[in-house]
Structures are given as structure tokens and as C-alpha cells.
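Structure, please.
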Amino acid sequence: SGAGVAAVAALPLVALDLSGCSKLTGEALKPLGELRGSLEELRMQGCTRINNQGMLYFAQLGMLRRLDLAGCSKLGDGGLPHMYRSVNLEVLNLSETQVTAAGLANLLPHTPNIHTLILNRCTQLLPYDSGRASRTRTAVADRELLAAAMGMLPNLAVLSLVANASVDDLFIARVAAAVPGLVDLNVADCNSIGDASAAAIQELRALTRLSIRNTKITDHGLGIAALPESLVGLDISGCTSIGSSGLVGTLSRLAQLHSLDLSHNPNVDLCALTALACGTSSVVDLALEGCPHVDDDCILALAASQPHLAVLRVSYTAVTDAGLAALAAVPTLTTLSLRGLDVSAAGLHRLATLPALAFLNLSECRNINTDASAALARMPALVHLTVKECPSLSVSAVSHLVTASPRLEALNARGCPLVSEDAVEDLMCGDLRFRDRALRLRVLKFDTSQRRRADNCATDLWAVRSRVFLGLFASPGGVSGSGGGGGVGATPEDVLEGFEEMARSGGRC
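Residues are numbered from 1 along each chain as shown. Next comes the predicted model:
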């Protein structure tokens with residue numbers, strides 16, 4: 001509310017986060033003027049009632065360096081002139097607003113220090129007529145106008161244009177010509193981008209990170225124009241038109257790759273991963289989710305060729321216990337997602353030798369049972385375990401995981417039919433060791449009926465929930481879990497799913 005903003009504005013704040021305050025109106029921002037001499041960062045994601053008129057009060061915030069207005073869906077070009085005095089802006093996020101190329105072309109010359117510009121899902125950004133996005137004179141002019149304005153930002157290094165249907169080959173060509181020093185380009189889910197963009201991207205010699213996820217780039221495009229060899233991070237997940245030849249040709253040349261996402265491509269196989277091994281042995285983060293031809297032989301090849309691998313996501317592939325045995329030879333692994341795989345206690349016992357494995361996702365693995373819980377409890381570094389929707393996981397297995405895992409801080413067992421609220425509450429009553437350990441967990445999630453039992457043990461469980469929730473702001477990065485489920489919780493949805501979501505979001509800073 002306005003009173004709340006006034007209260008915080010009385011403090012000499014350097015950073016202020018008002019994200020999610022959906023009832024906050026423009027008039028309520030008037031007290032922000034009190035922070036004109038100190039405020040450098042302002043986040044207002046999802047403040048859906050902030051409109052052009054409300055931007056009037058931003059004119060006084062000349063010290064701002066980072067401004068996040070993502071999801072302020074009523075904000076359009078009319079509000080941008082109030083930012084003309086924000087000459088110190090370095091990071092600007094206008095995702096999911098109504099801004100257009102013309103409005104940005106007027107704003108950007110006033111904000112010459114911007115190095116990160118995020119314009120995801122801006123439906124009005126450029127004129128778009130399905131199938132003829134860049135054919136009309138106005139469409140071409142707007143693309144040239146916006147690209148030229150971006151070219152006036154001498155420090156622009158990061159540009160994100162996720163899920164803009166109007167971002168097409170013509171615009172990417174103009175941007176590449178105007179901003180040749182781009183370091184990070186994200187055009188994920190821009191379904192008007194095709195092979196011509198690959199030729200433009202090739203000219204970005206300083207580019208280190210690129211996402212072309214779910215675009216229409218094909219083998220032909222990659223064959224004509226090779227991606228920059230400077231790439232450290234590459235996301236080509238969902239590019240099903242990139243076949244074996246494109247994958248082999250690309251991966252064998254990128255010697256500096258540290259992060260790679262090849263998920264949801266049926267053409268990824270042993271041949272492609274062998275080509276990766278020929279190109280580099282420096283991969284740290286690799287995603288192969290939903291690739292049906294990724295099997296135990298692929299994992300064996302990775303284990304032999306990527307000695308620095310720390311994060312591996314192979315959910316919904318053909319990997320089995322034999323693949324897990326191969327991963328036991330990769331001591332650098334810290335994060336592993338095995339969602340939906342046909343793995344069992346035998347494979348997990350092999351993983352128990354990994355000294356650094358802290359985050360493990362076994363959701364939808366049908367063989368995770370009491371025997372598997374014994375293997376999991378032996379993992380010396382396991383901190384966060386997700387076993388959602390595991391049909392064989394019993395409450396006794398949960399009890400063993402909670403009491404026997406030496407470093408476990410978070411356990412998510414939602415959707416497991418054998419782990420009910422009554423069973424967990426009975427454990428709280430009958431097993432003092434379980435109760436003591438559960439009280440010290442940061443997160444314990446399971447399905448609940450949202451009803452409270454009138455006995456001391458149930459009260460204990462609900463008290464734990466309240467204590468952890470009230471301790472949110474003492475826990476680094478803690479937020480409560482989403483509604484609809486139950487359990488103790490003070491962090492975001494499980495960390496592995498967070499990794500997977502971030503890799504796809506292109507989203508908000």
C-alpha cells in the first residue's frame with residue numbers, strides 16, 4: 001500500500017523489492033521520491049496496476065542502476081518519458097509490458113549506460129502479421145529503428161528477447177550489425193527465427209552465451225554459418241530440425257563450452273556426444289532431458305570425456321542403473337536429475353560414492369523404495385532430495401531418509417501415494433528421533449488434506465510449518481512453497497526443478 005511504501009521510503013535504502021504487490025497503484029509510489037539520493041535498485045515484477053501515470057514518480061530516481069518492471073502489463077510507451085533522467089541505468093527489464101520499438105527508440109538515447117536489456121514476451125514490441133512479420137514498410141522501419149537505438153548503447157552486452165513472435169531473421173540481422181559486441185543473446189521461443197539468423201549470429205565474435213531454444217534453425221543454417229567459437233554457454237534445446245550432422249558439426253568446434261542444453265531433441269545420440277568430446281572436455285553443466293537416444297553408452301562416453309561435469313540432467317531418457325554406475329567415476333558431480341528413469345537401489349548404491357552430490361531429483365522413478373532409501377542415506381553430501389510421485393516410496397523409507405541422511409536439509413515427497421499426512425503425523429508421535437530430525441529440516445513436503453488433527457503430535461507438525469515459514473527472512477533465498485500441497489517448507493520449489501526452470505526461463509533478472 002501507499003502507507004507501506006512511505007514507511008520503507010523513510011529508510012536510506014539502496015535496493016527495494018516490491019515484486020508481487022499486485023494491489024500497488026501508481027499513486028502509492030509517490031513516496032519513492034524520498035529515496036532519490038540513495039536508491040540504486042528497484043524491482044517491481046508483477047505490479048500489474050502500475051500504469052503510465054504511475055511512472056511519473058520514477059523521474060526523481062536519478063541514481064537508479066537496476067530497474068525491473070517485468071509483468072507490469074499496463075505499462076506502455078506513455079510511461080517511458082518519465083525514465084529519461086535515469087542516465088545511470090545499467091540493467092532494464094521491461095518484459096511482459098506494452099512497450100513498442102518506437103517508445104524504446106526514444107528512451108534508449110537517454111540511458112546510455114545500459115548493459116543488460118530484457119524484453120521478453122513484449123507482444124507490442126514490433127509489428128507482426130503472421131507469416132509476413134517483416135514484409136511491410138512499417139515493419140522494416142521499426143526493426144531498423146529499434147536496432148539502431150540499441151546500437152547507441154556502447155555498453156550493451158546482454159540482450160534477451162524470449163518468446164517474441166515478431167522477432168525474426170530481419171531484426172536479428174539488424175541487431176547483429178548494430179551491436180557487434182553482444183556477449184549474451186537469448187532468442188529462445190522466437191518461432192519466426194530461422195536459418196538466416198544463424199548467419200547473423202556468426203558475426204557476433206564476442207558472443208559467449210546463446211539461446212536459440214525452440215527456434216526454426218536447421219542443419220542447413222548451421223552448415224552455412226557456424227556458431228561463434230567463443231561460446232561458453234549454448235542452449236539449442238527443442239531445435240528438432242537440427243539433426244545429427246548439425247549437432248556433430250557444431251559440437252566438435254566449440255572448444256570453450258562450459259554449459260550446454262540439448263534437451264528435447266530426438267537426434268541427440270552417442271555420435272553427437274562423441275563429437276562434443278572431440279570439441280571440449282570442459283563441460284560443467286549439461287542437459288539432455290527428453291532425448292530418447294541418450295542411453296547408458298552415452299553416459300559412459302560422458303564420464304570418460306567430461307572430467308569437470310558438475311550438473312547433469314538426463315530426465316526422461318533411456319539411462320538405467322548401468323549409466324549410474326558410469327557416473328560414479330565423475331567425482332565433480334553436485335547436481336543430478338534422473339526424473340522418470342528406470343533406476344533402482346542397485347544404481348543408487350553406486351552413486352553413494354560420489355563425494356559432492358548435493359542435489360538429486362528422482363521424481364517419477366517407480367523403483368524408489370525402502371532399499372533405495374538406504375542407498376540414498378549413504379550419500380555423504382546429499383542436501384536436497386526430490387522424490388515426487390514415486391509410487392513405491394513408503395513412509396518407512398521417508399523415515400529412514402530423514403533420520404539417517406547426515407546432511408539432508410530438504411525432502412520433497414509430494415504425490416507419493418504411500419506417504420500420507422496421517423502416516424507422517426503418526427511418525428511425529430511415535431518416533432522421537434524422526435520428530436527431532438524433522439524439526440531441523442528446512443523443507444519437508446508431502447501431500448496433505450489441509451485439515452488439522454487435534455492431538456499434540458499434529459500440533460507439533462503444524463508448529464514446525466509455522467516456525468519455518470516465519471523464519472523465511474532468516475533463510476537465504478527462502479520463500480514458501482506453492483499452494484496446494486503440504487509439509488514443512490521455506491525454500492522455493494525443489495532446487496533441481498529450479499535449475500531446470502532457470503535454464504528455460506530466459507526470464508526475469
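
Any regions of the stretch 401-509 of the chain where pLDDT drops low?
448-509 (pLDDT under 70).

scratch that, the stretch 1-150 of the chain is what I was asking about
Counting by pLDDT under 70, the stretch 1-150 of the chain contains low-confidence residues at 1-2, 128-135.

and the gap between the closest residue to residue 255 other than its chain neighbours and residue 308?
The shortest distance from residue 255 to any non-neighbouring residue, by C-beta to C-beta, 6 or more residues apart in numbering, is to residue 280 (5.0 Å). C-beta: built from backbone N, CA, C; applies to glycine. Residue 280 is 10 Å from residue 308, where distance means C-beta to C-beta, to the nearest Å.

who's more crowded, the two?
Legend: neighbour count by other C-beta atoms under 10 Å for residue 280 and residue 308, higher for residue 280 (19 against 13).

Provide a list of residues in contact with that one.
Taking C-beta atoms under 8 Å, 6 or more residues apart in numbering as the criterion, residue 280 is in contact with 254-257.

And the furthest pair within the residues you listed?
Farthest-apart pair in the contacts of residue 280 is 255 and 257; separation 7.4 Å (C-beta to C-beta).

so where do the helices sit in the stretch 51-200 of the chain?
Shown for the stretch 51-200 of the chain, the helices assigned by DSSP state H, counting those that start in this stretch span residues 101-107, 137-151, 169-178, 195-202.

Please produce TSV containing these, extended by distance to residue 442 and mean neighbour count.
TSV is the format used below for those (distance: least, C-beta to C-beta, whole Å; neighbours: other C-beta atoms under 10 Å):
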stretch	distance to residue 442	mean neighbour count
helix 101-107	42	20
helix 137-151	43	18
helix 169-178	43	22
helix 195-202	42	21
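
Is it possible to get JSON lines of the ones you listed that adds distance to residue 444?
Shown next, in JSON lines, are the helices of the stretch 51-200 of the chain (distance: least, C-beta to C-beta, whole Å):
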{"stretch": "helix 101-107", "distance to residue 444": "46"}
{"stretch": "helix 137-151", "distance to residue 444": "48"}
{"stretch": "helix 169-178", "distance to residue 444": "47"}
{"stretch": "helix 195-202", "distance to residue 444": "46"}
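
Show me the one of those that comes nearest residue 357.
Closest of these to residue 357 is helix 195-202, at 35.7 Å (criterion: C-beta to C-beta).

Among the contacts of residue 280, name the ones in strands.
Among those, no residue falls in strands (DSSP state E).

Show the buried residues in those residues.
254, 257 (16 or more other C-beta atoms under 10 Å).

and which of the contacts of residue 280 is nearest to residue 351?
The closest of the contacts of residue 280, once distances to residue 351 are taken by C-beta to C-beta, is residue 257, at 25.0 Å.

got the contact list for that closest one?
Applying C-beta under 8 Å, 6+ apart, the residues near residue 257 are 231-234, 251, 276, 279-280, 282-283.

Then residue 353?
Contacts of residue 353 by C-beta under 8 Å, 6+ apart are residue 328.

got a markdown table for the contacts of residue 280, with pLDDT and distance to residue 110 too?
Shown next, in a markdown table, are the contacts of residue 280 (pLDDT from 0 to 100; distance: C-beta to C-beta, whole Å):
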| residue | pLDDT | distance to residue 110 |
| --- | --- | --- |
| 254 | 94 | 38 |
| 255 | 95 | 41 |
| 256 | 95 | 36 |
| 257 | 96 | 38 |
